[in-house]
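**Q** Predicted structure and sequence below. I'll ask about it afterward.
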Amino acid sequence: MSLKRYVPHVSPSSLNLWIANPRQWGWRYLLKQREPTGPAMARGTAVEVGLKAWLHFEDIELAIRFAYANFDANVQGEISDEIDAERKLIEPMVRQLAGLKWPRLNATQIKIEHWLDGIDVPCIGYVDFAFEDGDLDLKTTKACPSAPKGPHVRQVALYRAARKKPGGLLYVTGKKVARFAVDDDMMNSALADMTQAAKSLSRFLSKIDNPDDAMACLPNNPDDFRTSPFVPRGTSSGFEATEIQ
């Protein structure tokens, strides 16, 4: 079994998508479609930019300005109630993060690579924040979870496996934060899940002749938040992007 024919590498996000929504995986990684940045994703990126600015300058007003500027650039001047609602979450989230005690920051967005057992392409990811005491992945959310979410644990598991450093998740809402460590047991379980997912993907791709053939076999999950509002329909080449009503 080989993934090399269709994908040069896998990642926690691609494997999470394969697990949750196979047709959306095909839309993104086989048909090479890229949907625009949605308001919630833009909010998450903006808060991350705000935290980076705070860690560098320790000026909360400057950090918030950086965050807003990033958000406005990513939504490209569009106006909607959803965009406005997401923008209003940025300042309280950045202020929540600025109120925490932070260790020394070493780097951000570190590219890492790890080889999963039996998989012929590397698994690649990017560490959000590398501190002197370990790595951290930042997640912005409207409802703070009571336990780390499986797809997020898989991301941190990859960092831990590649860098041999402690790793954790930090969730932030406009009102609270929650931090969770990813221990050895969680890491090993998550790595096993990613390996199994990569093997199933490899086996599937070994059975298809081309991307159109693959798309004709893949189910769509319209209720999954990752699903693009435009998905290919049909069973032959020349798919048309059809909006889901």
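**A** Right, received. Where do you want to start? Numbers count the residues shown, from 1 in each chain.
**Q** Could you pull out the strands in the protein for me?
**A** 105-114, 123-131, 134-140, 167-172, 177-181, 230-233, 240-243 (DSSP state E).
**Q** Point out the other helices and strands that the third one packs with.
**A** Counting by 3 or more CB pairs under 8 Å, 6 or more residues apart in numbering; DSSP states H and E, the packing neighbours recorded for strand 134-140 are helix 39-57, helix 81-98, strand 123-131, helix 150-163, strand 167-172. No exception for glycine: its C-beta is placed from N, CA and C like everyone else's.
**Q** Neighbouring strands - and their directions - for it?
**A** Strand pairing for strand 134-140, using DSSP bridges, gives strand 123-131 (antiparallel), strand 167-172 (parallel).
**Q** and if you look at the longest one?
**A** The pairing partners recorded for strand 105-114 under DSSP bridges are strand 123-131 (antiparallel).
**Q** between the strand it pairs with and helix 39-57, how many degrees?
**A** Here strand 123-131 points in a direction 40 degrees away from that of helix 39-57 (axes from the mean of the first three to the mean of the last three CA atoms, to 10 degrees).
**Q** could you give me the average pLDDT of strand 123-131?
**A** Mean pLDDT, strand 123-131: 98.
**Q** For the nearest residue to Gly134 once chain neighbours are set aside, give me its contacts.
**A** Closest residue to Gly134 apart from its sequence neighbours, by CB to CB, 6 or more residues apart in numbering: Pro166 at 3.4 Å. Pro166 makes contact with Asp133, Gly134, Asp135, Arg160, Ala181, according to CB atoms under 8 Å, 6 or more residues apart in numbering.
**Q** Of those, just say which sits nearest to Leu205.
**A** Minimum distance to Leu205 across these is 27.6 Å, recorded for Arg160 (CB to CB).
**Q** what about the closest one, neighbour count?
**A** 24 (other CB atoms under 10 Å).
**Q** repeat for Asp117
**A** What Asp117 shows, counting by other CB under 10 Å, is a neighbour count of 9.
**Q** contacting residues around it?
**A** Contacts of Asp117 (CB under 8 Å, 6+ apart): Thr195.
**Q** So which helix or strand of this structure has the lowest pLDDT on average?
**A** strand 240-243 (a mean of 36; mean pLDDT, DSSP states H and E).
**Q** biggest helix in the chain, by residue count?
**A** If you go by DSSP state H, the chain has its longest helix at helix 184-206.
**Q** what helices or strands is that helix leaning on?
**A** Using 3+ CB pairs under 8 Å, 6+ apart, helix 184-206 sits against helix 12-20, helix 150-163, helix 211-217.
**Q** just to revisit the earlier point, I'd like the helices and strands packed on strand 134-140 as CSV, with distance to Leu191 appended.
**A** Shown next, in CSV, are the helices and strands packed on strand 134-140 (distance: least, CB to CB, whole Å):
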stretch, distance to Leu191
helix 39-57, 25
helix 81-98, 29
strand 123-131, 9
helix 150-163, 5
strand 167-172, 12
